[in-house]
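K.L.:
predicted coordinates and the sequence they were generated for:
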Amino acid sequence: MIIAVDGPTASGKGTIAKALAAHFGLPHLDTGLLYRAVGRQVFLDGGDPDDAGDALAATGFPDTLLGDPELRDEQTGGLASRVSVHPAVRQALFDRQRSFATRDTGAVLDGRDIGTVIAPEAQAKLFVTASVEARAQRRFLEMRERGAGVNLLEIQDDLRRRDERDRNRAVAPLVPAPDAVVIDTSDLDKDEAVAAAIEAVEQAIG
């Protein structure tokens, strides 16, 4: 069984995907982490994330980079959104994601194009979303707990810019798959969001 969980930044899709993986006993892949690694590698290389050549070169990042705590910060998230617009970058990472999705054990993948591009045959597809204000508040609290100096309005502006890039890129834009169940987590706490997701998956697989 393949479960695809798509949605914008800070919508709760990662939390939901991890919970689904635990509930159904499936391996989980945060595909956004791959793009964050590319963005981080561009930064480490001194390259330009808006340059297709620099971004493609960074797809050869070492696996050890996936454990870098810097991948979770706001700067790297912005870089990930910028490198992800390049078709060559998406193609370079496609096989890695596809291989994980089609393993015999089944899998849960979260990202922005899992149900539309990576695993369109997924038995269960969720599109997790929330208002910009709700997402910014979550990210603000998360970053503040890490001791980062953050500004709520700046986070909102950054999320809007990322949403614009993700929804309007020429390749694999951020859109719900036609058969995806949309879950708006704006007014849901973690337990409520996870419960809604489990119910949606159980209905999808019959």
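P.N.:
Looks like it came in fine.
K.L.:
how distant is the longest helix along the chain from the center of its chain?
P.N.:
The helix that spans the most residues within the chain, counting by DSSP state H, is helix 152-168. With C-alpha atoms, centre = their mean, to the nearest Å as the basis, helix 152-168 stands 14 Å off its chain's centre.
K.L.:
do stretch 33-52 as well
P.N.:
Chain-centre distance of stretch 33-52: 16 Å, with C-alpha atoms, centre = their mean.
K.L.:
in it, which residues are buried?
P.N.:
33-42, 47, 49 (16 or more other C-beta atoms under 10 Å). The C-beta positions use only the backbone N, C-alpha and C, and glycine is treated the same way.
K.L.:
can you redo those as a markdown table with secondary structure and distance to Ser84?
P.N.:
Output for the buried residues of stretch 33-52, formatted as a markdown table (DSSP: H, G, I helix; E, B strand; the rest coil; distance: C-beta to C-beta, whole Å):
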| residue | secondary structure | distance to Ser84 |
| --- | --- | --- |
| Leu33 | helix | 12 |
| Leu34 | helix | 10 |
| Tyr35 | helix | 5 |
| Arg36 | helix | 10 |
| Ala37 | helix | 12 |
| Val38 | helix | 8 |
| Gly39 | helix | 8 |
| Arg40 | helix | 13 |
| Gln41 | helix | 13 |
| Val42 | helix | 12 |
| Gly47 | coil | 15 |
| Pro49 | coil | 9 |
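K.L.:
which two of those have the greatest separation?
P.N.:
Farthest-apart pair in the buried residues of stretch 33-52 is Leu33 and Gly47; separation 19.3 Å (C-beta to C-beta).
K.L.:
give the contact list for the residue nearest the centre of the chain.
P.N.:
Residue closest to the mean C-alpha point of the chain, counted by C-alpha atoms, centre = their mean, is Gly111 at 3.2 Å. Contacts for Gly111 (C-beta atoms under 8 Å, 6 or more residues apart in numbering) come out as 5-6, 30-32, 97, 118.
K.L.:
what does the helix or strand hosting Asp95 rub up against?
P.N.:
For Asp95, the host element (DSSP states H and E) is helix 87-101. Applying C-beta under 8 Å, 6+ apart, the external contacts of helix 87-101 come out as 2, 27, 29, 31, 34-35, 38, 52, 55-56, 58-59, 83-84, 107, 109, 111, 113-114, 117-119, 122, 170-172.
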